[in-house]
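J.: Generate a structure from the sequence data that follows.
(chains A, B, C and D)
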There are 2 protein chains.
Amino acid sequence: MKKHERHKLLKQLLVENTVYRQEDLVNLMAQRGIEVTQATISRDIKQLQLIKVPLNDGSYRYTLPSEKEVDTTMKLKKTLQDAFVDADIHNEMCVLKVQPGNGPTVSSLIEQVDYPEIFACISDDDTVMIFNRSTQGAVKIQDKLETMASEN
Amino acid sequence: MKKHERHKLLKQLLVENTVYRQEDLVNLMAQRGIEVTQATISRDIKQLQLIKVPLNDGSYRYTLPSEKEVDTTMKLKKTLQDAFVDADIHNEMCVLKVQPGNGPTVSSLIEQVDYPEIFACISDDDTVMIFNRSTQGAVKIQDKLETMASEN
DNA sequence: TATGAATAGGAATTCAAA
DNA sequence: TTTGAATTCCTATTCATA
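T.: Numbers count the residues shown, from 1 in each chain, chains lettered A, B, ... in the order given. Presented below is the predicted three-dimensional model:
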């Protein structure tokens, strides 16, 4: 079985089962005749960016990141790759300059992604003003936006 | 320092710093003169339901769950506690009966929470129809909704 | 490049104590 | 109830191999 197929199966298993540990996935795969080790599952989890979430009931489960979140982040990234002009900070504020017309779209996407560092976000045609909860948060956000705009 | 205060500080540290490991939090706390061990941080993480996320760059970071997500889940829970009547499943479908008038609200909240098991969701005045990606998913969702409606 | 076996490294829990 | 120390358990990585 190819890695890509295994990844698909893995996501399905996560939706259909309650997965407490990576070993659970090893077992679920084994039930389906797929022999893999925990090491492989760990790598798969990293690549699929699956997360281990502490639940209210005191247990931990592995889950998929929400599709919406993934989608929105991708859209933001693509938009920034086209429209990013510059990002600067001052105290807890971050100013993001974008190509004319893109301000509102970028602002809305940023709000949808819902970064914990950000307190509020407002835009006009070519500028997005981001008010962060802290100066360090502003640095992190500036860095994140610049990275999204430039990488691959 | 009381646990509650430490929890607050912890959230703040997460927003302001890049946290790779629980040890990082131990150190950040120490810099602020708060002596705690990894064991305590681990418990804090569990209680605050913080998550360790694999990033694109191949590293892992601890982050806060998004406020929006937490809020929405809380709202859904509260609404269900008031309005839940019954939940039943048939194959991959889950029918949720609610007090008249609550269908659209509940449906919208369910969509906002964005459960990976759910494919689509539609409602009328007192019924929410949930179409899941699998039969097992339907079982999980039914269980989740019933639990939310009844617990504490 | 992908994987398993072994291992290191990190996280959660147990146990004792306050 | 909360915590630290020690320990166990789980996860990530290394190293070898295909």
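J.: With adjacent residues omitted, what lies nearest to the residue in chain A positioned nearest to DNA strand C?
T.: Residue of chain A nearest DNA strand C, by Cβ to the nearest atom of the strand: residue A:40 (3.2 Å). C-beta coordinates here come from the backbone N, C-alpha and C atoms, glycine included. Spatially, and ignoring its direct neighbours in sequence, residue A:40 is nearest to residue A:6 (8.0 Å; Cβ to Cβ, 6 or more residues apart in numbering or on different chains).
J.: just checking, next helix/strand downstream of whichever strand or helix holds the one you found?
T.: Per DSSP states H and E: residue A:6 is located in helix A:3-16. As assigned by DSSP H and E, the chain's next helix or strand after helix A:3-16 is helix A:22-31.
J.: That next one and DNA strand D, any residue contact?
T.: Yes. Judged by Cβ under 7 Å from any atom of the strand, helix A:22-31 comes into contact with DNA strand D at A:22-23.
J.: cool, and stretch A:1-8?
T.: No. Residues of stretch A:1-8 contacting DNA strand D under Cβ under 7 Å from any atom of the strand: none, with a closest distance of 12.5 Å.
J.: Pull out the buried positions in that stretch.
T.: Across stretch A:1-8, burial judged by 16 or more other Cβ atoms under 10 Å in any protein chain shown covers residue A:6.
J.: Would it count as contacting DNA strand C?
T.: Yes. On the criterion Cβ under 7 Å from any atom of the strand, stretch A:1-8 is in touch with DNA strand C at A:1-3, A:6.
J.: Kindly state the pLDDT recorded for the closest residue to residue A:140 other than its chain neighbours?
T.: Of all residues not flanking residue A:140 in the chain, residue A:117 sits nearest, at 5.6 Å (Cβ to Cβ, 6+ apart). You'll see residue A:117 listed with a pLDDT of 89.
J.: and residue A:117, what does it touch?
T.: Shown in contact with residue A:117 (Cβ atoms under 8 Å, 6 or more residues apart in numbering or on different chains): A:132-134, A:137-138, A:140-141, B:15.
J.: Spell out which residues of chain A are next to chain B.
T.: A:12, A:14-18, A:45-47, A:49-56, A:58, A:60, A:63-69, A:114, A:116-117, A:133-134, A:136-137, A:140 (Cβ under 8 Å from any Cβ of the partner chain).
J.: Was I right to think residue A:12 contacts residue B:137?
T.: No. With contacts counted by Cβ atoms under 8 Å, residue A:12 stays clear of residue B:137, the gap being 9.6 Å.
J.: Of the two, give the one with the bigger neighbour count.
T.: It is residue B:137, of residue A:12 and residue B:137, that has more neighbours when counted by other Cβ atoms under 10 Å in any protein chain shown, with 24 against 15.
J.: element containing the residue lying farthest from the centre of chain A?
T.: Distance from the C-alpha centroid of chain A, by Cα atoms, centre = their mean, peaks at residue A:33 (31.8 Å). In the assignment (DSSP H and E), residue A:33 maps to no helix and no strand.
J.: Can you pull the phi/psi pair for it?
T.: phi 80, psi 10 (degrees, to the nearest 10).
J.: Could I get the contacting residues of it?
T.: No contacts exist for residue A:33 under Cβ under 8 Å, 6+ apart.
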